[in-house]
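> pasting the sequence and the predicted coordinates here, then a few questions.
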Amino acid sequence: MEVETISLFPSPSSASVQEDTALLRWKSSLKNQNRSDSSLASWTNATAGPCLLLGILCDADLTIKGVNLTNMSVSGTLYEFPFDSLLNLTYIDMCLNNLSGSIPREIRLLTKLKYLDLSFNMLSGKIPEEFGKLGAMTRMNMSNNRLSGGIPSEIGDLSNLLNLDLLRNMWTSIPNSIKKISQLYYLDLSHNQLRQEIPPAIG
């Protein structure tokens, strides 16, 4: 008599396999992440799919919804991060790491993103104008980095933003368009290099 084998874990779909491959590609671009003592050492070519990877958060349908790599000594850049493969992300927390380089323009693809925390890293350059595409965002924390230049006017397009923390960077100006974020109740721009007057409209 043939006995049917029942798996406690559903087989990953082709989409899950692609997501898994994309995440592993990003891991391979990071510094020291292939060492056995690495925080992401568990990220391997396992057949169980990406939802069992450390720090990857999925819903009941095994759709990746979040990435939580807080304080995991991740060292490298976001250049190879698979934005185009994780279009359903609503949550990203990579604070307290060693991420460097600029923020890729491809972040605009994450139109469902609500929470973004990249604080306490070494990110540099400007916030890309494409941030204006992230209209679902409610909380963004980019504090304690090396971001510079003027805050892009497109930030005013984040109409659902409630909390914006840009503390301890090298910002030089605040756009007047910030007045468009009518629901904003927390804003921190302290310890920067602001050279222009604060827009009266911020009141």
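Now that the structure is in, tell me what you want to look at.

> tell me how many other residues crowd the residue nearest to residue 202 when sequence neighbours are not counted.
Nearest residue to residue 202 in three dimensions, chain neighbours excluded: residue 178, at 5.9 Å (CB to CB, 6 or more residues apart in numbering). Any C-beta I mention is one placed from the backbone N, CA and C, and that applies to glycine too. Neighbour count for residue 178, taken as other CB atoms under 10 Å: 21.

> now swap in residue 113 and tell me
Neighbours around residue 113, by other CB under 10 Å: 25.

> ok, now the one 5 residues further on?
Counted with other CB under 10 Å, the burial measure for residue 118 works out to 21 neighbours.

> return the per-residue confidence for residue 32.
pLDDT for residue 32: 69.

> any idea what the residue nearest the centre of the chain is bridged to?
Centrality entry for the chain: nearest residue to the mean C-alpha point is residue 92, 4.2 Å, by CA atoms, centre = their mean. Counting by DSSP bridges, residue 92 forms beta bridges with residue 67, residue 116.

> now it: how far from residue 141?
11 Å (CB to CB, to the nearest Å).

> what is in contact with the two at once?
Residues touching both residue 92 and residue 141 (CB atoms under 8 Å, 6 or more residues apart in numbering) are 116-118.

> do you know the pLDDT at the residue nearest to residue 202?
91.

> that one contacts residue 152, correct?
No. Assessed by CB atoms under 8 Å, residue 178 is found out of contact with residue 152, at 10.5 Å.

> residues contacting the nearest residue to residue 72 once chain neighbours are set aside?
Setting aside the residues directly before and after it, residue 72 is nearest to residue 39 in space (CB to CB, 6+ apart), at 3.7 Å. Contacts of residue 39 were listed using CB under 8 Å, 6+ apart, and they are 33, 54, 69, 72-74.

> redo that, cut-off 10 Å
32-33, 54-55, 69, 71-75, 97 (CB atoms under 10 Å, 6 or more residues apart in numbering).

> what segments of the chain are strands?
Remark: strands assigned in the chain by DSSP state E are 56-58, 64-68, 75-76, 91-93, 98-101, 115-117, 122-125, 139-141, 146-150, 163-165, 170-173, 186-188.

> which helices and strands sit right next to the fifth one?
Contacting strand 98-101 under the criterion 3 or more CB pairs under 10 Å, 6 or more residues apart in numbering; DSSP states H and E are the following elements: strand 75-76, strand 122-125.

> and the residue nearest to the centre of the chain, what pLDDT?
For residue 92, the pLDDT comes out at 98.

> so it versus residue 202, what's the distance?
Counting by CB to CB - residue 92 and residue 202 are separated by 27 Å.

> with residue 160 instead?
Applying CB to CB, the value for residue 160 to residue 202 is 18 Å.

> any weak-confidence spans in this protein?
1-15, 32-37, 46-48 (pLDDT under 70).

> on that earlier part again, so can I have CSV of the strands of the chain showing distance to residue 131?
Listed next are these as CSV, based on distance: least, CB to CB, whole Å:
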stretch, distance to residue 131
strand 56-58, 23
strand 64-68, 18
strand 75-76, 21
strand 91-93, 13
strand 98-101, 16
strand 115-117, 9
strand 122-125, 13
strand 139-141, 8
strand 146-150, 11
strand 163-165, 11
strand 170-173, 14
strand 186-188, 16
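
> no further queries at this time; thank you.
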